[in-house]
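>>> Sequence first, predicted coordinates after that:
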Amino acid sequence: MPTLSSTDPVLETQVFWDRHSKKVLAALILTVLVVAAWGGYRIYSARRDAAAANLLTAAKTAADFQKVIAQYPGTAAAGSASLFLAEEQRKEKKFSEANATLQLFIDKNPQHQMKGTARMAMAANLESLGKRDEALAAYQRLAADDPQGFTAPVAMISQVHTLKEKNQVDEARKVCETILTKYRESLVANEATRQLRLLKPATPPEAATVKPPPAPTTNLPSFLLRPPDLPTAASPAVAPPSAAPTASKRMRVVPKELAPPKKR
């Protein structure tokens, strides 16, 4: 059965509107609400961030920084307040509390640009607590996890100081050589060069033993060979010459056979 078709655009528009007017209006209303909500959130976030920044600017003590963190969680100011709080705790030698604050900051801000700095501070706190092995492991993980980050060469030069305290000179030299190979343009390259000059190998290379040259071969019989040099015996002491005999004592002793016969 043939269908009727219309080429009148006005009529087609009218038919489309009658069929889909409710859906179109609902979509428009939803779009307006989303835009309004997004705009309101942006305004609220801007005002909240501004209030948090103002409160952080006025903060001076550990209690002030904790107030910023509690009132404005999730803001950039709260993240910065965590770092400032950890520094205040470090100044008070509360190294364990400082590390707890820094770990909480890392957990809440895994993509924060200051995450590497927080991990460096945690390793330094471990070193201050006397946990040198844990501090060394933390420096090594930081350099391995982000080798292209700005904290990698700093973590490596920190390893050098820790290794020196542990008297692991050869390992410290290797780290300095790695810095000069991979991070020669970094700010710590000069320090690595200086440390490399100061660090002497723990086991100096053994001096090469000089062997005497082999004796020349010869076909001469053994009795014609020159005997080995023997130590010369001390020459006997020569008695000092006695005084010359006087004229009265000068007597010539002549053998009896050669004596002239006596006259009778």
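Sure thing, it's come through. Numbering: from 1, shown residues only.
>>> Please make it C-alpha for all contacts and neighbour counts, starting now.
Will do.
>>> where does this protein dip in pLDDT?
1-8, 10-11, 13, 15-18, 20, 38-39, 41, 44, 202-264 (pLDDT under 70).
>>> all helices of this structure, in order?
Assigned by DSSP state H, the helices in the chain fall at 9-58, 62-71, 76-91, 95-108, 115-128, 132-145, 151-165, 169-182, 189-198.
>>> Quick check: Met156 vs His112, distance?
22 Å (C-alpha to C-alpha, to the nearest Å).
>>> More neighbours: which of these two?
Met156 (24 against 14; other C-alpha atoms under 10 Å).
>>> wait, doesn't that one sit right on Asp146?
No. Look at Met156 against Asp146 with C-alpha atoms under 8 Å: they stay out of range, at 11.7 Å.
>>> wait, doesn't Ala192 sit right on Thr181?
No. Using C-alpha under 8 Å, Ala192 makes no contact with Thr181, being 10.6 Å away.
>>> For the two, indicate the residue with more neighbours.
Ala192 (25 against 11).
>>> For the more buried one, which non-adjacent residue is closest in space?
Nearest residue to Ala192, sequence neighbours excluded (C-alpha to C-alpha, 6 or more residues apart in numbering): Cys176, at 5.1 Å.
>>> Quick check: that neighbour touching Val160?
Yes. When contacts are counted by C-alpha under 8 Å, Cys176 is listed as touching Val160 (7.2 Å).
>>> Neighbour count: the two, which is higher?
The neighbour comparison of Cys176 against Val160 (other C-alpha under 10 Å) goes to Cys176, with 26 against 23.
>>> wait, what's in contact with that one?
By C-alpha atoms under 8 Å, 6 or more residues apart in numbering, the contact list for Cys176 reads 156-157, 160, 192-193, 195-196.
>>> Same question for Ile157.
175-176, 179, 188, 191-192.
>>> And it, how close does it get to Gln66?
Where Gln66 is concerned, Ile157 sits at a distance of 32 Å (C-alpha to C-alpha).
>>> next one: Arg173
Relative to Gln66, Arg173 is positioned 42 Å away (criterion: C-alpha to C-alpha).
>>> These two: which is more packed in?
Taking Arg173 and Gln66 together and counting by other C-alpha under 10 Å, Arg173 has the greater number of neighbours (23 against 17).
>>> The more buried one is in contact with Arg194, isn't it?
No. At 10.9 Å, Arg173 does not count as touching Arg194 under the criterion of C-alpha under 8 Å.
>>> Can you tell me the closest non-neighbouring residue to Gly79?
Sequence neighbours aside, Phe105 is the residue nearest to Gly79 in space, at 6.5 Å (criterion: C-alpha to C-alpha, 6+ apart).
>>> Thr151 now?
Closest to Thr151 by C-alpha to C-alpha, 6+ apart is Gly116, at 6.2 Å.
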